[in-house]
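Enquirer: Quick one: sequence plus predicted model below, questions after.
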Amino acid sequence: MTKPKPGKLFVYGTLRKGGARSGHLERCRLLRMMKVPGILYRTPFGYPAAVFDETSPLAVWGELYELPSDSELFIGSVDRLEGVDEKLFSRSVIRLEEESFYVYEPGPELRRQISDGNIIKSGNWFSAPALCGEDPFSFAVSFENIQKQYYRMKPDGRSEENIFLEGTVPVLVTCPHSTAHTRMGKLKRHEFYTAALGAVLHLVLGCHCLYANREQGTDPNYYDDCGFKAVLERVLSERRIDLVVDIHGTGNERSEDLFPGVGDEREFLLSAPDVLDKFYLVAEEYGITAGSADIFPAARQMTVAKFAAKRFSVPAIQIEISDRLRMPWRREEEFRCLIGFLLGFVEKVISGKMDRNG
């Protein structure tokens, strides 16, 4: 009896969301992040290779996708992309956590190019030092080109509604409005490029990142009873987090580019009042106009920033970003400047924490 062929694919390198070849999976559906036992290697060619082994103490981070209806034709196109006929990669089937899925491992040609000295111990290609030198602008654009198909995609019970990217530094970036969401019975549009910016901070600096990946039945920045807050609560309970950076988008009605939200009396900053000083300092360095912290204090309803500070005593800042800076297709330089600001601000926060902790 012929075994049924998997309708899913696990990817861990350039096919991951935002990766150089992620556009090839536009017709697929991201189901969830997962770890598969095995070893991830850095190759000399700018992409990784994973050898899977259920007995391995290490694991490979990646994304599980559902293939389109023409799965056999589609997986054939991935074979060609991965150089299966040229023996660069080989395709196999893995069963894990009651899931069967395709994976690609190095073929004979590529195996000669990898060694124990090139192991990526974290198992996460997106946190590998080799990627930090890549252009985060291109990564963000590629990421959002995939993310946009989820703006209005309703939960289906099989896919994660919210994606958590595990990082290596104690800063959590949240993007609760990266898809459409409902507040007081009204559907509100997504805030484009917020998830992409969070993913850039994860990629370059190693921040944890949590973003909405399906239309939200309730607004995570307004209500407590929602899936996003449930994941947020778990992350804040199980990990050391020194700062929550909650990224949002606003219109361009005001002249300022950015607005910090830290509570009516700056109470969300708790023991880290210098975070606001660093926010304004780095904005000035990048020529970005930052408005008053009184415009969007993020204190009226149970915002993500308020939730982190009040419920978990974790310092938090909400950042509202004008549309002007979030339009890379029209204003590339402004978007690059925005990325530079966010990286500079969070890096200054991280370095300050390290200095105080010795």
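Expert: In hand now; what should we look at?
Enquirer: So which residues of the stretch 151-300 of the chain form strands?
Expert: Under the criterion DSSP state E, counting those that start in this stretch, strands of the stretch 151-300 of the chain are mapped to 162-165, 171-175, 181-183, 186-188, 208-212, 243-250, 258-261.
Enquirer: Out of the ones you listed, flag the one nearest Cys28.
Expert: Evaluated over those, closeness to Cys28 peaks at strand 162-165, with 14.8 Å, by C-beta to C-beta. For every residue, glycine as well, the C-beta is placed using N, CA and C.
Enquirer: Highest mean neighbour count out of the strands of the stretch 151-300 of the chain?
Expert: strand 171-175 (a mean of 29; mean count of other C-beta atoms under 10 Å).
Enquirer: Could you export the strands of the stretch 151-300 of the chain as TSV, including distance to Gly18 and mean pLDDT?
Expert: Output for the strands of the stretch 151-300 of the chain, formatted as TSV (distance: least, C-beta to C-beta, whole Å; pLDDT from 0 to 100):
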stretch	distance to Gly18	mean pLDDT
strand 162-165	10	95
strand 171-175	13	98
strand 181-183	22	94
strand 186-188	25	94
strand 208-212	11	96
strand 243-250	16	97
strand 258-261	23	97
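Enquirer: Take these and write them to JSON lines, including distance to Ile120.
Expert: Shown next, in JSON lines, are the strands of the stretch 151-300 of the chain (distance: least, C-beta to C-beta, whole Å):
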{"stretch": "strand 162-165", "distance to Ile120": "16"}
{"stretch": "strand 171-175", "distance to Ile120": "21"}
{"stretch": "strand 181-183", "distance to Ile120": "35"}
{"stretch": "strand 186-188", "distance to Ile120": "39"}
{"stretch": "strand 208-212", "distance to Ile120": "18"}
{"stretch": "strand 243-250", "distance to Ile120": "26"}
{"stretch": "strand 258-261", "distance to Ile120": "34"}
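Enquirer: For Phe279, which of those is the nearest?
Expert: Of all those, it is strand 258-261 that lies closest to Phe279, at 5.3 Å by C-beta to C-beta.
Enquirer: Kindly export the closest one (C-alpha atoms) in CSV.
Expert: Taking Å, rounded to 0.1, in the frame of the first residue of the first chain, the C-alpha atoms of strand 258-261 are listed here in CSV:
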residue,chain,number,x,y,z
LEU,A,258,7.4,58.9,16.2
PHE,A,259,5.5,58.9,19.5
PRO,A,260,6.5,57.1,22.6
GLY,A,261,3.9,55.7,25.0
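Enquirer: Which of the three states applies to His30?
Expert: Careful, residue 30 is Leu; it's not His. Taken by DSSP: H, G, I helix; E, B strand; the rest coil, the conformation at Leu30 corresponds to strand.
Enquirer: measure it to Lys17 for me?
Expert: Separation of Leu30 from Lys17 (C-beta to C-beta, to the nearest Å): 7 Å.
Enquirer: Find residues that contact each of these two.
Expert: Here Leu30 and Lys17 have 63, 146 as joint contacts, going by C-beta atoms under 8 Å, 6 or more residues apart in numbering.
Enquirer: Phi and psi next, for Pro37.
Expert: phi -60, psi 130 (degrees, to the nearest 10).
Enquirer: just Ser271 next, same as before
Expert: Taking degrees, to the nearest 10 as the convention, Ser271 sits at phi -90, psi 10.
Enquirer: how many neighbours does it have?
Expert: Each residue near Ser271 was counted by other C-beta atoms under 10 Å, and the total is 8.
Enquirer: contacting residues around the closest residue in space to it that isn't next to it in sequence?
Expert: Sequence neighbours aside, Pro315 is the residue nearest to Ser271 in space, at 6.7 Å (criterion: C-beta to C-beta, 6 or more residues apart in numbering). Each residue near Pro315 by C-beta under 8 Å, 6+ apart is listed here: 242-244, 268-272, 275, 308-309.
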